[in-house]
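In: Sequence below, structure please.
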Amino acid sequence: MRLKRHFLASTLTGFLFGCVLLHAQTIPLAQHVVVIMDENTSFGTAFPNGMPWLSSQAKKYGYANNYNSDHSGSLLDYLYLASGSCESNYQCGGAPQCSLPSGSHNFYCNGNDCFTAANCEDTITKDPITDSNIFQLMDNQPLSWKVYAQNYLNAGGTVNVPDYTSANEPPDTHYYARHNGAVWYAEVLSNTLGSQGNIVDFEQFGIDVANGTLPRFAIIAPDGCWDNHDDCFDNSLEQADDFLSSNLTPMLNLPDFQSGGSGLVIVTFDNGADDQAGQILTAVIGPNVKAGHISNIAYKHENALRTILEALGIQSYPGWSSTAAAMSDFFSSTAGSVVVNSPPNNSLQGPSVLVNASALELSAPIDHMEVWDTYNGKTTKLGNVFSKTINQAYAVSGNGSHTMTVQDIGGAPGYPVLHKQVMSFTVSTNYGTFVAIPAENSTQATLFPLSAVAVESGAEESSSGVDHIEVWNGNTKLGDSPKGTTINQWYSLTPGKYSLTVQDVSSQGQRIHETNLNLTVSSGLGVYVNSPANNSTWLNTTIPINAYASEQSGASTPLVDHIEVWDNTHGVKLGESTTGVGVNSLFINQNVTLPKPGSYQLAIMDINPNNGFKAIHTTYVDITIKSAPRRRRKSSHSLKKF
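Out: As a prediction, the model looks like this:
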């Protein structure tokens with residue numbers, strides 16, 4: 001089955017890129033598309049005074065002055081933005097009937113849930129929607145994507161976690177599954193192509209921004225406190241605006257969102273006041289957006305979906321997006337860009353690197369594209385491609401850091417560089433599958449993270465290259481990665497001892513390398529530490545900390561705000577996990593520095609904001625730092641003169 005799916009993906013990739021060339025596209029391609037949907041706020045409530053930061057960005061870039069939501073009931077609007085349909089014409093729980101587009105089916109959805117046929121009874125697991133949707137389309141190409149869901153790990157960290165108001169759920173998370181459109185589709189619920197690993201906690205967003213590893217498409221799903229749904233604050237709308245300002249500003253300062261870049265941000269709302277359909281503010285932000293543009297064209301969520309798909313280079317339009325117009329009036333007629341899917345920025349590669357890229361200029365002609373590699377200060381042209389798309393492997397020389405530039409070139413007589421995209425990566429000839437976490441022979445919680453990378457001599461899509469990574473427990477596959485050379489997912493196992501196998505697989509379905517991983521799964525609550533190991537010895541004072549909190553205990557689950565690392569020997573705080581406005585963090589992966597060699601006890605603790613910011617649990621780790629051995633100097637009499 002995997003081989004057949006890969007062939008389909010490869011065929012679709014070529015076909016869809018070909019459609020880019022034939023389609024008279026009016027939306028420029030974007031290296032990153034980021035979508036945020038807030039809750040239950042009418043246009044006049046948000047703009048221009050209710051949300052001053054968002055309104056300032058809308059005025060600076062552009063906003064829709066005639067954009068209306070599709071239906072009352074939150075989930076239905078999230079589905080419109082994912083599959084162009086409310087996926088229902090049946091009134092479960094009083095849901096408004098809506099007209100199903102051609103090719104769409106009735107999944108009996110209302111504003112809170114979807115149901116099995118003709119049955120409005122809640123089920124423990126979600127009833128999957130099988131209609132075409134943006135997540136399926138991205139997996140087929142493939143394009144990288146993530147949903148950054150606030151308090152996802154606090155809520156339980158799996159796609160079947162329901163709304164926090166459901167029975168026996170963690171009480172303080174304000175996580176709503178109905179505000180996370182991805183977790184209702186079969187593609188994600190069945191973990192096709194490792195898609196569940198793309199649903200991550202919001203704390204990962206700031207990390208990806210800082211590391212330059214944002215995916216091509218991202219959805220930010222604030223929890224009910226920070227999306228203006230739950231009135232958690234005296235002025236919840238102001239707090240929702242503060243959440244956007246604090247968390248989006250660092251991203252908007254990245255080169256991809258500055259002049260010459262192609263990043264695109266769409267901020268909208270599910271519905272108007274009291275969750276009723278009506279006019280809502282939709283801001284369109286990015287360097288290719290006309291400055292100060294105000295659109296009076298009638299738009300809805302299916303128009304935004306059409307715009308997103310075209311910005312990603314996808315030319316298949318599910319549901320009503322197939323007949324909806326893209327929001328092309330927002331973009332400069334002279335806009336253009338180069339987007340790169342492979343190699344991913346800051347990735348690890350072998351000596352043969354797959355370059356998958358595309359260029360689009362709305363007005364200027366493209367003569368060809370060029371690929372350049374810079375290593376150790378020397379820049380080498382790898383090739384010219386007389387097309388608007390590239391999908392081929394290039395040999396690169398030298399282990400270590402490389403910078404690749406892909407650019408499109410205009411026509412005669414000057415052949416100017418029109419746009420470029422720069423990606424950094426590291427080349428290694430140490431081949432195999434390498435597991436970063438969990439640590440070998442470690443103890444893990446019943447929900448634990450696994451991170452691994454594979455390096456092979458061949459490029460992706462070649463017979464000797466990596467197609468994906470798989471994780472096995474004996475003869476049972478726990479899951480696989482999206483197409484590519486990395487896997488970062490959380491897995492759930494019952495308590496016991498396990499020997500897992502992590503293997504990279506070629507495009508022909510053949511295992512290339514494998515690594516065995518032994519671990520013990522515990523039902524205990526607390527902080528689990530992968531690094532440093534207890535009673536370990538280090539030769540320098542910089543210590544990598546990798547740990548996470550597991551506090552799931554149903555309705556009595558405490559809220560984890562962040563993790564702290566202390567030098568318990570001297571009572572000194574060494575560091576903490578990601579924090580910020582609306583950011584709760586349950587894992588930490590960073591270095592701390594101790595003052596000098598010696599013996600230390602580290603205290604790694606998770607902090608509860610609802611209990612005076614006191615520790616919930618603390619794990620103690622003893623380590624020893626030894627002085628690095630000094631290099632012996634040669635005695636003077638051993639030197640010879642010539």
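In: and residue 514, which of the three is it?
Out: At residue 514 the chain is in strand, as set by DSSP: H, G, I helix; E, B strand; the rest coil.
In: I'd guessed it sits against residue 502; true?
Out: Yes - checked against C-beta atoms under 8 Å, the pair residue 514 and residue 502 is within contact range at 6.7 Å. Backbone N, C-alpha and C define where each C-beta goes, glycine included.
In: Mind listing the shared neighbours of the two?
Out: Common neighbours of residue 514 and residue 502, counting by C-beta atoms under 8 Å, 6 or more residues apart in numbering, are residue 433.
In: Comparing the two, which residue is more hemmed in?
Out: Per other C-beta atoms under 10 Å, whichever of residue 514 and residue 502 has more neighbours is residue 502, with 24 against 16.
In: residue contacts, residue 304?
Out: Counted by C-beta under 8 Å, 6+ apart, residue 304 has contacts 35, 81, 266, 268, 282, 327.
In: try 7 Å
Out: 81, 266, 268, 282, 327 (C-beta atoms under 7 Å, 6 or more residues apart in numbering).
In: I'd like the distance between it and residue 326.
Out: Plainly put, residue 304 is 9 Å away from residue 326 if you go by C-beta to C-beta, to the nearest Å.
In: How about residue 454?
Out: Taking C-beta to C-beta, one finds residue 454 at 38 Å from residue 326.
In: Highest neighbour count among the contacts of residue 304?
Out: Neighbour-wise, those (other C-beta under 10 Å) top out at residue 282, 30 neighbours.
In: my read: it touches residue 265, true?
Out: No - under the criterion of C-beta atoms under 7 Å, residue 282 makes no contact with residue 265, lying 11.0 Å away.
In: which regions of the stretch 451-600 of the chain sit below the pLDDT cut-off?
Out: Applying pLDDT under 70 to the stretch 451-600 of the chain picks out no residues at all.
In: Where do the strands of the stretch 501-642 of the chain begin and end?
Out: In the stretch 501-642 of the chain, the strands defined using DSSP state E, counting those that start in this stretch lie at 511-521, 526-531, 536-538, 542-550, 562-567, 572-576, 587-593, 598-608, 614-625.
In: Pull the number of nearby residues for residue 474.
Out: Neighbour tally, residue 474, other C-beta under 10 Å: 10.
In: Please report how far the spatially closest residue to residue 221 that is not a sequence neighbour lies from residue 545.
Out: Nearest non-adjacent residue to residue 221, counting by C-beta to C-beta, 6 or more residues apart in numbering: residue 149, 4.4 Å away. Look at residue 149 and residue 545: by C-beta to C-beta, they are 24 Å apart.
In: got it, and residue 176?
Out: Residue 176 is 32 Å from residue 545, by C-beta to C-beta.
In: These two - which one has more neighbours?
Out: Counted by other C-beta under 10 Å, residue 176 and residue 545 do not tie: residue 176 has more neighbours, with 28 against 21.
In: Helices along the stretch 1-150 of the chain, start to end?
Out: 2-22, 43-46, 52-60, 74-83, 134-140 (DSSP state H, counting those that start in this stretch).
In: Lowest mean pLDDT across these, which one is that?
Out: Least confidently modelled of those is helix 2-22, at a mean of 37 by mean pLDDT.
In: domains for this protein, by residue range?
Out: Segmentation of the chain into domains, based on automatic domain parsing, reads 2-330, 336-427, 432-521, 526-625.
In: Pick the most buried one from those.
Out: Highest mean neighbour count of the domains of the chain: domain 2-330, a mean of 20 (counted as mean count of other C-beta atoms under 10 Å).
In: Quick one: residues contacting the closest residue in space to residue 610 that isn't next to it in sequence.
Out: Residue nearest to residue 610 in three dimensions, not counting chain neighbours: residue 559, with 5.7 Å by C-beta to C-beta, 6+ apart. Taking C-beta under 7 Å, 6+ apart, we find residue 559 in contact with 154, 172, 173, 608, 609, 610.
In: The third one and residue 155: what is the separation?
Out: Using C-beta to C-beta, residue 173 is found at 4 Å from residue 155.
In: repeat for the last one
Out: Counting by C-beta to C-beta, the separation of residue 610 from residue 155 is 15 Å.
In: what sits up against stretch 495-512?
Out: Under C-beta under 7 Å, 6+ apart, the answer for stretch 495-512 is 2-3, 6, 433, 435, 446, 452, 454, 456, 461, 463-473, 513-523.
In: mind checking the end-to-end distance for it?
Out: End-to-end span of stretch 495-512 (C-alpha to C-alpha, to the nearest Å): 30 Å.
In: How about stretch 165-172?
Out: Stretch 165-172 end-to-end distance (C-alpha to C-alpha) = 9 Å.
In: ok, residues contacting that stretch?
Out: Contact with stretch 165-172 is made by 154, 155, 156, 162, 164, 554, 555, 557, 559, 610, as judged by C-beta under 7 Å, 6+ apart.
In: taking the mean pLDDT, what do you get for it?
Out: On average, stretch 165-172 scores 94.
In: and it, how far from the chain's centre?
Out: Taking C-alpha atoms, centre = their mean, to the nearest Å, the mean C-alpha location of stretch 165-172 is offset from the chain mean by 26 Å.
In: which residue packs closest to residue 211, ignoring adjacent ones?
Out: Excluding the flanking residues, the one nearest residue 211 by C-beta to C-beta, 6+ apart is residue 346, at 6.0 Å.
In: go on, residue 404?
Out: residue 423 (5.0 Å).
In: For that neighbour, give its distance to residue 204.
Out: Applying C-beta to C-beta, the value for residue 423 to residue 204 is 20 Å.
In: doesn't residue 370 make contact with residue 384?
Out: Yes - between residue 384 and residue 370 there is a contact at 5.6 Å, judged by C-beta under 7 Å.
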